[in-house]
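**Q** Model the structure of this input:
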Amino acid sequence: QWQYKDPNNPETPGGESSRMDYRYKNNNGIGNFNLSYQLNDHHSFVLSNVITSFNRTGVNKFDPDNEADKQPKKTLKNIVGLGYKYDYNERWSTSVFVKNYHQSSKTSILAEGEYYHKNGSVDQWGYGLASTYFILPALQAKVSYEKAYRLPNNDELFGDVINLTGSPDLRPESSDNINVGLNYSFTLKQDHHFVLDGNFIFRNAKDYIRNQLQGVSFTGRTLMVPVNTRDVTNRGIDADVRYTFRDFFTAGVNITYQNLRNNTRIEPGTTVQSPVYRDRIPNMPYLFGNANASFTVRNVGWKDTRL
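**A** Okay, the predicted model is just below:
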């Protein structure tokens with residue numbers, strides 16, 4: 001361990017603010033279940049379930065008996081959804097659905113020098129409706145509404161062991177989401193196929209989760225901590241263009257603009273308008289995109305293969 005002493009203050013101890021070799025494992029599990037049933041040409045049902053588990057274990061080689069490193073960091077998430085779809089005809093289709101969001105977590109709190117295990121639990125119900133209609137054979141209109149929840153992720157609950165401090169008391173984000181879009185497809189000279197897709201995004205969120213500065217920790221570093229802000233709005237656009245040449249080449253490009261704004265006019269504990277009311281949420285990308293391309297070669301080595 002390299003030591004440093006200030007020559008102007010020789011009595012001041014030097015050295016690192018902290019020394020650790022903490023090695024940990026994030027153990028993740030996931031299971032999926034899906035059941036669909038078509039009653040007839042007009043009515044169909046779907047039941048789906050996704051369950052995920054998380055358990056972080058680790059030890060500091062320089063301090064293997066540290067009690068803080070032995071505390072549990074576990075979550076179990078389960079999202080189950082039931083949907084019903086009504087196909088009025090080949091042009092018009094509508095779906096309604098309901099979801100249950102469940103999350104249980106296990107961590108600990110430090111009180112008077114002792115660690116006490118703490119269990120958390122979240123149960124929320126979401127729902128929504130989606131409808132599509134072919135205005136023309138190649139032009140489809142889409143509209144949807146969803147009351148949705150975003151459960152805190154594991155780094156938000158337990159930290160990332162580097163720059164993010166965990167916040168096990170986070171509440172899930174709740175939001176009302178409306179999407180309105182158009183999809184248009186066409187073919188040129190039989191070989192060149194295009195798909196154009198555009199969507200308008202309207203989102204009002206409560207208990208929005210974002211990171212804010214916590215201040216200087218005992219290690220001398222400035223850390224971030226996830227917090228629930230009260231109200232956030234998003235008005236955005238998402239557009240996608242995809243091109244396919246025969247069964248050989250495919251390319252696409254996507255662009256997204258989102259305008260995340262603080263919609264909390266009166267902050268808790270105050271009686272005047274917040275100075276950042278309707279400001280853009282900081283440190284969040286508002287314009288981004290991606291592009292991709294792929295080649296497909298058939299019958300490589302033997303028949304019916306695809307590379």
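**Q** Would it be right to say that residue 237 lies in a strand?
**A** Yes. The assignment for residue 237 is a strand, going by DSSP: H, G, I helix; E, B strand; the rest coil.
**Q** so where do the helices sit in the stretch 101-250 of the chain?
**A** 154-158 (DSSP state H, counting those that start in this stretch).
**Q** mind showing which ranges of it have poor pLDDT?
**A** Low-confidence regions of the stretch 101-250 of the chain, defined by pLDDT under 70, span residues 215-221.
**Q** Would you state the strands of this protein in chain order?
**A** 22-38, 43-60, 74-87, 92-111, 114-136, 139-150, 173-188, 192-216, 222-245, 249-262, 287-295 (DSSP state E).
**Q** Including mean neighbour count and distance to residue 281, could these go into CSV?
**A** No exception for glycine: its C-beta is placed from N, CA and C like everyone else's. Converted to CSV, those look like this (neighbours: other Cβ atoms under 10 Å; distance: least, Cβ to Cβ, whole Å):
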stretch, mean neighbour count, distance to residue 281
strand 22-38, 11, 27
strand 43-60, 15, 27
strand 74-87, 17, 25
strand 92-111, 16, 23
strand 114-136, 13, 23
strand 139-150, 16, 15
strand 173-188, 15, 13
strand 192-216, 16, 6
strand 222-245, 16, 6
strand 249-262, 16, 4
strand 287-295, 10, 14
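**Q** out of those, nearest to residue 162?
**A** Closest of the strands of the chain to residue 162 is strand 222-245, at 9.0 Å (criterion: Cβ to Cβ).
**Q** by contact count, what packs against the closest one?
**A** strand 192-216, strand 249-262 (3 or more Cβ pairs under 8 Å, 6 or more residues apart in numbering; DSSP states H and E).
**Q** would a markdown table of the strands of the chain with distance to residue 66 be doable?
**A** Output for those, formatted as a markdown table (distance: least, Cβ to Cβ, whole Å):
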| stretch | distance to residue 66 |
| --- | --- |
| strand 22-38 | 9 |
| strand 43-60 | 6 |
| strand 74-87 | 19 |
| strand 92-111 | 12 |
| strand 114-136 | 11 |
| strand 139-150 | 33 |
| strand 173-188 | 33 |
| strand 192-216 | 21 |
| strand 222-245 | 18 |
| strand 249-262 | 39 |
| strand 287-295 | 40 |
